[in-house]
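J.: quick one, what's the 3D model for this:
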Amino acid sequence: MSPPRVAKVNPPFALTLYRLVAWLLGRLLTAKWRRRGRVEPRYLHDIPARFGHYQHPSGVGYIWIHAVSLGETRACVPLLDAVRAQWPGQPLLLTHGTATGWEAGNSLLRPGDLQTWLPWDEPAAVKRFLTHHQPRLGMLMETEVWPELTTQCAALQVPLFLVNARLSDRSLGKALRLSSLAKWVFSRLAGVVPQTAPDAQRLQRLDAPVLASSGNIKFDVSINNIQLEKGREWRASLNKPVLMLASSREGEEAALISALNDPVHDAYFDVGAYHWLVVPRHPNRVEAVVALFTAAGFTVRRRSVWGADVPDAPEVVDSKVIWLGDTLGEMPLYYGLADVALLGEALVSGAVKTSSKPLPAAVQSFSDRTHTTLHKRRTLLWPLVLRCASRTCPRRSVWPRLLPSTHRYAHKWPMQAPRWFARIKVPRNARLRR
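T.: As a prediction, the model looks like this:
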């Protein structure tokens, strides 16, 4: 008896258009990577691999994990540990799309593992990638779903999973505009493990095979206690609090310069009474940040030239000094050094970036969920942050100060608020107290 015939499913016309656009854009990518390589030389490394042409020998049976950039690469550390425990001795294939992701992933490799670029999402390049490495299964981190890659993995019966997945309402709306292509792509995944239940609901609307919500695995990343203790030792040697602008983006450093030079703030605090530490989110912006602070009259002291000791001795009181964290993989050290960390676009309006990284419990964190209000009434930000930085202030979150003044505990902050008060979520319509 002959086996049952399987009906052939034709891809949507939108996939054909996508392939045409991807092929046309692929002709321009080499120039783009060469231009970026002037600032970050890693982009010049093995450009042919971006199109599926490899210098290393072919392999078979890799466990393939794709982490596009720095954040995803750091977040996949618990996943790598779990994979190695589940399949001991199995070689891993780690792919990236950015130079920072490659640099961070290089330290995660073990003998037998392989690292390369994810190919550009056009049919020929993807086919060469899959046939050259023959992965046993693949796992994409967070949002890295590519139509051609997903389609060919399904055709070649390579199980492809989307792990630590997230999908915002805005991204869902964009995907539904091309619902035929989006549903074709997501339905061909072997499984999706979203971060939260709302993410699962949004992904299911795209016909994704949702397995179970696992939470954000970034919270499973352990803190480097050696770096943390080193930062705390440095902090103990200083006689001034340290304020850190962490994971800063373009525009935030200029806002900080404006705030430090604003005479309005003289009524609130003495700028020279604090150390100022800035850690840019993207390493390729370091030189631009140095030039920005230098042009504003600040002396920049970079972490890469500090050596074994914190740069300023306790007696130095120069208010025109900015410490710059220009190294990768040392965020625990910076958090150990800081008394207050301003996180994620807290100085400019725009998209909200909240922290999803494990923070030392003793560090005050400030993450902007009321960015429009802060942008309009920025002068109120500094008393808020600096009150939390005071050596006599209890080490609690600054979030309650963002709650409306009508909150029943607002008049007791910060001395008498209960401990659970620091875990209250701030509503989006919250307003700063005058």
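
J.: residue ranges of the helices in the stretch 1-150 of the chain, please?
T.: Assigned helices in the stretch 1-150 of the chain, in chain order: 13-37, 70-75, 77-86, 99-106, 123-133, 147-155 (criterion: DSSP state H, counting those that start in this stretch).

J.: got those helices as TSV, with mean pLDDT and mean neighbour count columns?
T.: The C-beta positions use only the backbone N, C-alpha and C, and glycine is treated the same way. Shown next, in TSV, are these (pLDDT from 0 to 100; neighbours: other C-beta atoms under 10 Å):
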stretch	mean pLDDT	mean neighbour count
helix 13-37	91	13
helix 70-75	88	22
helix 77-86	90	15
helix 99-106	91	21
helix 123-133	95	19
helix 147-155	95	20
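
J.: turn the ones you listed into TSV, including distance to Asp113.
T.: Below are the helices of the stretch 1-150 of the chain laid out as TSV (distance: least, C-beta to C-beta, whole Å):
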stretch	distance to Asp113
helix 13-37	24
helix 70-75	13
helix 77-86	9
helix 99-106	10
helix 123-133	12
helix 147-155	20
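
J.: go through these and name the closest to Ala259.
T.: helix 70-75 (26.8 Å; C-beta to C-beta).

J.: that older thread, can you tell which of the helices of the stretch 1-150 of the chain is closest to Leu238?
T.: helix 70-75 (27.9 Å).

J.: contacts for the closest one next, please.
T.: The list of residues contacting helix 70-75 from outside it, by C-beta atoms under 8 Å, 6 or more residues apart in numbering, reads 67, 96, 98, 100-101, 103-105, 108, 141-142, 144, 164, 216-218, 221, 328.

J.: next, count neighbours for the residue lying closest to Trp33 once chain neighbours are set aside.
T.: Spatial nearest neighbour of Trp33, excluding adjacent residues (C-beta to C-beta, 6 or more residues apart in numbering): Tyr43 at 4.8 Å. Counted with other C-beta atoms under 10 Å, residues neighbouring Tyr43 total 20.

J.: so who does Tyr43 touch?
T.: Taking C-beta under 8 Å, 6+ apart, we find Tyr43 in contact with Trp33, Arg34, Arg36, Gly37, Ala99.

J.: from the residues you listed, pick the one nearest Gln201.
T.: Checking those against Gln201 with C-beta to C-beta, the nearest one is Ala99 at 35.2 Å.

J.: how near is the closest one to Glu148?
T.: Ala99 sits 23 Å away from Glu148, going by C-beta to C-beta, to the nearest Å.

J.: which stretches of the protein form strands?
T.: 63-66, 92-96, 114-117, 137-141, 160-165, 191-194, 242-248, 275-280, 299-302, 321-324, 340-343, 364-367 (DSSP state E).

J.: against which helices or strands is the longest one packed?
T.: Just to be clear, that refers to strand 242-248. helix 252-261, strand 275-280, helix 331-337, strand 340-343, helix 381-389 (3 or more C-beta pairs under 8 Å, 6 or more residues apart in numbering; DSSP states H and E).

J.: can you check the third one too?
T.: Helices and strands touching strand 114-117, as assessed by 3+ C-beta pairs under 8 Å, 6+ apart, comprise strand 92-96, helix 99-106.

J.: ok, residues contacting that strand?
T.: Applying C-beta under 8 Å, 6+ apart, the set of residues contacting strand 114-117 from outside is 46, 49-50, 54, 56, 59, 62, 91-97, 102, 105-106, 109, 133.

J.: and the strands of the chain as a markdown table, adding mean neighbour count, distance to Lys183 and mean pLDDT?
T.: Formatted as a markdown table, these follow (neighbours: other C-beta atoms under 10 Å; distance: least, C-beta to C-beta, whole Å; pLDDT from 0 to 100):
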| stretch | mean neighbour count | distance to Lys183 | mean pLDDT |
| --- | --- | --- | --- |
| strand 63-66 | 24 | 22 | 96 |
| strand 92-96 | 23 | 25 | 96 |
| strand 114-117 | 20 | 28 | 96 |
| strand 137-141 | 23 | 17 | 94 |
| strand 160-165 | 24 | 14 | 94 |
| strand 191-194 | 22 | 13 | 93 |
| strand 242-248 | 24 | 34 | 86 |
| strand 275-280 | 23 | 38 | 90 |
| strand 299-302 | 15 | 49 | 91 |
| strand 321-324 | 22 | 46 | 91 |
| strand 340-343 | 24 | 36 | 79 |
| strand 364-367 | 22 | 34 | 46 |
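
J.: any chance of these in JSON lines, plus distance to Ala200?
T.: Compiled in JSON lines, these are given as follows (distance: least, C-beta to C-beta, whole Å):
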{"stretch": "strand 63-66", "distance to Ala200": "21"}
{"stretch": "strand 92-96", "distance to Ala200": "26"}
{"stretch": "strand 114-117", "distance to Ala200": "31"}
{"stretch": "strand 137-141", "distance to Ala200": "16"}
{"stretch": "strand 160-165", "distance to Ala200": "8"}
{"stretch": "strand 191-194", "distance to Ala200": "4"}
{"stretch": "strand 242-248", "distance to Ala200": "27"}
{"stretch": "strand 275-280", "distance to Ala200": "33"}
{"stretch": "strand 299-302", "distance to Ala200": "43"}
{"stretch": "strand 321-324", "distance to Ala200": "40"}
{"stretch": "strand 340-343", "distance to Ala200": "26"}
{"stretch": "strand 364-367", "distance to Ala200": "24"}
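
J.: my read is that Val210 contacts Gln195, right?
T.: No. Applying C-beta atoms under 8 Å as the test, Val210 and Gln195 come out as separate, 11.5 Å apart.

J.: low-scoring stretches of the chain, by residue?
T.: Counting by pLDDT under 70, the chain shows low-confidence ranges at 1-9, 264-269, 312-319, 344-434.

J.: care to break it down by domain?
T.: Taking automatic domain parsing as the reference, the chain has its domains at 13-220, 225-395.

J.: wait, Phe51 touches Ala125, no?
T.: Yes. Applying C-beta under 8 Å, one finds Phe51 in contact with Ala125, separated by 4.6 Å.

J.: tell me, what's touching the two both at once?
T.: Shared contacts of Phe51 and Ala125, defined by C-beta under 8 Å, 6+ apart, are found at Gly26, Pro119.

J.: nearest to Arg232, of the helices of the stretch 1-150 of the chain?
T.: Nearest to Arg232 among those is helix 70-75; the distance by C-beta to C-beta comes to 21.5 Å.

J.: got the CA coordinates for that closest one in CSV?
T.: Output in CSV follows, covering the C-alpha atoms of helix 70-75 (Å, rounded to 0.1, in the frame of the first residue of the first chain):
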residue,chain,number,x,y,z
LEU,A,70,25.7,41.7,23.0
GLY,A,71,22.6,41.5,25.1
GLU,A,72,21.3,38.3,23.5
THR,A,73,24.8,36.7,23.8
ARG,A,74,25.0,37.5,27.5
ALA,A,75,21.5,36.3,28.0
